[in-house]
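S.K.: Here is my input; please provide its structure:
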Amino acid sequence: MDEVLRQDTGDNLVSGIAHAEAQQPGDGISLAASTAAVTRELAEAGKLGPGRILVVGASTSEVAGVRIGTGGALEVARQLLQGITEVAADFGFTPVYQCCEHLNRSLVMERSLLESLGLREVSAVPVPGAGGSMAAAAYQSMTDPVLAETIEAHAGIDIGETLIGMHLRRVAVPFRPSLRYIGAARVNAAWSRPPLIGGERAVYRAPETSGSASCD
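M.R.: Coordinates of the predicted model:
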């Protein structure tokens, strides 16, 4: 099993990291540092902390400057993972990682999280050719990894336009980070808020004094 997990697709993009960083607009910031910067901005804007879930979708092919699904690289994925893990440790939120469509965009997470949330487990081991390099790298990094069918995450980062909306809770609020690219991949993000209910009389912030209007 460990041998399977270490496999990569294609020629392993031997120069993938150097190529990806060469594609990065700006001052040659590393993939890990740029990923951490985007994640930190989102964590601050979305007030992510303990108990909050961040879903991450990433195409390492797009990061390296090729079409999604055509040149995944585990070494690129590990740099992205490093940046996200660093910020998660600072803020206390929990990241989960979306697989590619070959595994129906299931999510890599620790078994303890799946069980605490009562999520449905699905059976597969993500590898670069079926699941994606990002999911494979995340799976390898965890203590007791498992795949969940779906989740309702509090926020999300999409590196390379992999489409993560199916795993975001309502209502998603688009977030535009200062860095719009990681490597050559375009980055989008979102955090969520509870739906606003009521009508024109509804109050969404606790008033300083009670109003006289009655709903009865």
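S.K.: Give me the helix or strand of the chain that scores worst on average pLDDT.
M.R.: helix 2-6 (a mean of 37; mean pLDDT, DSSP states H and E).
S.K.: Output stretch 126-142 in CSV with nothing but the alpha carbons.
M.R.: Presented in CSV, the C-alpha positions along stretch 126-142 are these (Å, rounded to 0.1, in the frame of the first residue of the first chain):
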residue,chain,number,x,y,z
PRO,A,126,-6.6,8.5,-3.1
VAL,A,127,-3.6,8.3,-5.4
PRO,A,128,-2.4,10.9,-7.9
GLY,A,129,-4.1,9.1,-10.8
ALA,A,130,-7.5,8.6,-9.0
GLY,A,131,-8.2,11.2,-6.3
GLY,A,132,-5.5,13.7,-7.2
SER,A,133,-2.1,14.6,-5.9
MET,A,134,-3.5,17.0,-3.2
ALA,A,135,-5.8,14.4,-1.8
ALA,A,136,-3.0,11.7,-1.9
ALA,A,137,-0.5,14.0,-0.1
ALA,A,138,-3.1,14.8,2.5
TYR,A,139,-4.0,11.1,3.0
GLN,A,140,-0.4,10.3,3.5
SER,A,141,0.1,13.0,6.1
MET,A,142,-2.8,12.0,8.4
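S.K.: mind listing what's buried in it?
M.R.: Under the neighbour-count criterion of 16 or more other Cβ atoms under 10 Å, stretch 126-142 has 126-140 buried. Heads up, the C-betas are built off the backbone N, CA and C, glycines and all.
S.K.: Kindly indicate whether the residue nearest to the spatial centre of the chain is helix, strand or coil.
M.R.: With distances taken as Cα atoms, centre = their mean, residue 56 lies nearest the centre of the chain, 1.0 Å away. Three-state call for residue 56 (DSSP: H, G, I helix; E, B strand; the rest coil): strand.
S.K.: can you tell me which of the buried residues of stretch 126-142 are in helices?
M.R.: 133-140 (DSSP state H).
S.K.: Quickly name whichever of the buried residues of stretch 126-142 is closest to residue 146.
M.R.: Taking Cβ to Cβ as the measure, residue 146 sits nearest to residue 139 out of the buried residues of stretch 126-142, at 9.0 Å.
S.K.: Tell me which residues of the lengthiest helix in the chain come out buried.
M.R.: With secondary structure taken from DSSP H, the chain has its longest helix at helix 74-91. In terms of neighbour count (16+ other Cβ under 10 Å), helix 74-91 has its buried residues at 74-85, 87-88, 91.
S.K.: Done for today, thanks.
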